[in-house]
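*Asks:* Pasted the sequence and its predicted model underneath.
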Amino acid sequence: MQEISIGVEATGLMNANPTGISFYIKNLLLNLMDINGHVNLYCKISRYKNRHNLLKHVNAKINWHYNHLYNPFKKVDIAHTTDSAFLNLRGAAKIYTIYDLAVFREETQIPDYTSERHKRIIGKKTKEILKNADGVIAISTATKNDILRFYDFPEDKIRVIPLAPNQIEDSAKKVIDLKCHQLEKNGYFLFVGQISIRKNIINLLKAFLLSGLHSDYKLVLAGMEGRGIEIIKEAVLELGLNERVELLNYIPDESLSSLYEKSAGFVFPTFYEGFGIPILEAMMNRTPVLTGNIGASPETAGGFAVEVSPFSVDEISEGLKNLLTIPNDKIENAFNYAAKFNWKINAIETQKFYEETLNSL
């Protein structure tokens, strides 16, 4: 591998409780350093007061700067934008990772999914960045197809590089105390992700009630509260599920594996995903999986999940019942499939794309 200097816009790592994009940045940085001893990493961040989180998530020697307070970017070969703050460094090959363009899809034009203002901001920023980008990383073929559909960008400059499940060493894992949350082993279905309208929680609640499984199982929603949370809480009450639905908020990775493993099944019938890391996480914990049948979820699941229309309460309801009948050999096959995804492969493919883009200029 050639020696290259890489600048990364790492604003996403400033979050105290990291989620999808944060994990992508973290694992990319750590694995780039692991596979290439010649790589030099520089991080531009945009939240100075939260800079300590960068060191917490990535325990390594990394130069960083905040706007114009300190700029170590004297010579950078690759400028990698991992979010909406474009890292526009003169003389560098500019790479941009796009996770999804869900807000523009027909399927997501529903009340409370997002705001028109947010759509305008995303649309404008993405268009501006693509005008200056030399290469784009799409985290799934579904995302690549959306880029080609909504923007005029050369297909040969787009590389699909899948993400991977979060990998926690066994020694770091913590067993979650189910009794603290009034749960029993194999006595609950689990959703992991932001608890918001855009994750289709309302239809999931309705399907849970319709299935009749609420008599014997609970539904656990684990994640930070997002857009429409008050509507979701009202729906729980209106459906009479307040004793059968548990909102656990954000669960650290160290405890999340235990929560997956002890559940009866993982339910993820979201409206649209750019990838869907929790799908693979559930499979890695030998938990049967239910997903929506649009977006990147079927692609990520690889045929090893129960697929349902996120718009059909009936289908989701039947899917919940089907989860309980998945045989062990299929669960093991799903585990073997998910195990093929890892962050080292992601970093290797990203490094190759860096070099190819740099050499093409």
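*Replies:* In hand now; what should we look at?
*Asks:* Tell me which other helices or strands the host helix or strand of K125 touches.
*Replies:* Here K125 is covered by helix 116-132, with elements defined by DSSP states H and E. If contacts are counted by 3 or more CB pairs under 8 Å, 6 or more residues apart in numbering; DSSP states H and E, helix 116-132 sits against strand 93-98. Glycine gets a C-beta too; all of them are placed from N, C-alpha and C.
*Asks:* returning to that earlier point: list the buried ones in the helix holding K125?
*Replies:* Buried residues in helix 116-132, counting neighbours by 16 or more other CB atoms under 10 Å, are found at 122, 126, 129-130.
*Asks:* Stretch 228-238 now?
*Replies:* In stretch 228-238, the ones that count as buried by 16+ other CB under 10 Å are 228-229, 232, 235-236.
*Asks:* What separation is there between N200 and Y113?
*Replies:* Distance of N200 to Y113, given as CB to CB, to the nearest Å: 10 Å.
*Asks:* same thing with L209?
*Replies:* According to CB to CB, L209 and Y113 sit 22 Å apart.
*Asks:* do the same with C180
*Replies:* In this view, C180 and Y113 are 33 Å apart by CB to CB.
*Asks:* Ok, N242 next?
*Replies:* Per CB to CB, N242 is found 25 Å from Y113.
*Asks:* Those two - which one has more neighbours?
*Replies:* Higher neighbour count among N242 and Y113: Y113, with 22 against 10, using other CB atoms under 10 Å.
*Asks:* Can you name the next helix or strand after the worst-scoring helix or strand of the chain on mean pLDDT?
*Replies:* Lowest by mean pLDDT, DSSP states H and E among the helices and strands of the chain is strand 63-66, with a mean of 60. Per DSSP H and E, the first helix or strand lying C-terminal to strand 63-66 is strand 78-81.
*Asks:* In its sheet, which strands sit next to that next one, and in what direction?
*Replies:* strand 5-9 (parallel), strand 93-98 (parallel) (DSSP bridges).
*Asks:* average pLDDT across the shortest one?
*Replies:* Think strand 5-9. Averaged across strand 5-9, the pLDDT comes to 83.
*Asks:* before we move on, what about stretch 302-309?
*Replies:* pLDDT averaged over stretch 302-309 gives 98.
*Asks:* Which residues does stretch 237-244 contact?
*Replies:* Here stretch 237-244 makes contact (CB atoms under 8 Å, 6 or more residues apart in numbering) with 205-206, 208-209, 214, 217-219, 236.
*Asks:* so how far is that stretch from its chain's centroid?
*Replies:* Distance, stretch centre to chain centre, for stretch 237-244: 29 Å (CA atoms, centre = their mean, to the nearest Å).
*Asks:* tell me which of the buried residues of stretch 228-238 is nearest to S22?
*Replies:* Nearest to S22 out of the buried residues of stretch 228-238 is I229 (CB to CB; 20.6 Å).
*Asks:* In helices only, show me the contacts of stretch 237-244.
*Replies:* Applying DSSP state H to the contacts of stretch 237-244, the entries found in helices are 205-206, 208-209, 236.
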